[in-house]
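Visitor: Pasted the sequence and its predicted model underneath.
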Amino acid sequence: MANLVNGLCKWPWEEACRRAGIALAGKVAARLGIPDNARQFNPQELAILVNGLSKWPCEDTCRRAGIALAGETTTRLAVPDSARQFNPQALANLVNGLSKWPWEDACRRAGIALAGEVTARLDIPDSARQFNPQELANLVNGLGKWPREDACRRAGIALAGETTTRLAVPDSARQFNPQALANLVNGLGKWP
């Protein structure tokens with residue numbers, strides 16, 4: 001299911017892909033609604049599903065699936081040491097995808113939990129290097145959708161510090177493509 005959504009979301013404007021994405025979103029939401037069924041999705045698949053379904057943020061079925069995936073993400077992040085199962089790309093994709101529904105309480109709670117995990121990882125010496133420039137940009141931009149949440153603000157500050165450190169190195173700015181730079185400025189602008 002995750003791979004199907006991931007493939008289909010590459011053409012979000014195509015009607016057939018949109019319809020298939022909505023149908024898959026319904027199946028995802030149904031599976032997540034059955035106790036213990038959510039465990040069949042590994043952390044990477046959760047991230048792929050959120051990222052893919054967020055390409056159709058106005059579709060109610062995709063939004064409902066996103067909310068269900070947000071709930072599962074929050075549940076898993078609350079279990080000690082389980083957050084380590086989420087690699088940096090998964091964290092960035094979850095934040096970026098869930099930020100398409102920032103008004104939804106489940107997405108906000110997941111964003112806060114993800115922000116806490118990002119801050120914890122950035123507090124460990126040399127672990128910040130695990131995030132590539134695109135992931136840094138997606139995290140900053142996504143967490144900026146919840147600017148009033150302390151955990152998101154703290155993560156934003158930590159990500160700003162890492163970005164500043166990287167940009168201080170000669171020629172390192174070239175690692176950030178124009179879209180990543182724009183996302184960084186947009187996200188950081190939420191905490192002026």
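Guide: Nice, thanks for sending it over. Predicted model, so just to flag it, every value in this text is computed and none were measured.
Visitor: same question for stretch 115-128, mean pLDDT?
Guide: Averaged across stretch 115-128, the pLDDT comes to 85.
Visitor: Next: stretch 156-175.
Guide: Per-residue pLDDT over stretch 156-175 has a mean of 86.
Visitor: just how off-centre is stretch 139-147 within its chain?
Guide: Between the centre of stretch 139-147 and the centre of its chain there are 10 Å (C-alpha atoms, centre = their mean, to the nearest Å).
Visitor: How far does that stretch stretch from one end to the other?
Guide: End-to-end distance of stretch 139-147 (C-alpha to C-alpha, to the nearest Å): 13 Å.
Visitor: Pull out the buried residues from that stretch.
Guide: When neighbours are counted by 16 or more other C-beta atoms under 10 Å, the buried residues of stretch 139-147 are found to be 139, 140, 141, 142, 143, 144, 145, 146. All C-beta atoms are positioned from the backbone trio N, CA, C, and that covers glycine.
Visitor: Kindly present those residues as TSV, with separate columns for distance to residue 99, pLDDT and secondary structure.
Guide: Putting those into TSV (distance: C-beta to C-beta, whole Å; pLDDT from 0 to 100; DSSP: H, G, I helix; E, B strand; the rest coil) gives the following:
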residue	distance to residue 99	pLDDT	secondary structure
139	10	96	helix
140	11	95	helix
141	7	95	helix
142	4	96	helix
143	7	97	helix
144	8	96	coil
145	4	96	coil
146	8	97	coil
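Visitor: Redo those residues as TSV? Include distance to residue 112.
Guide: Formatted as TSV, the buried residues of stretch 139-147 follow (distance: C-beta to C-beta, whole Å):
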residue	distance to residue 112
139	13
140	15
141	16
142	12
143	9
144	13
145	11
146	7
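Visitor: what's the closest of those to residue 51?
Guide: Relative to residue 51, the closest of the buried residues of stretch 139-147 is residue 142; by C-beta to C-beta it sits at 10.6 Å.
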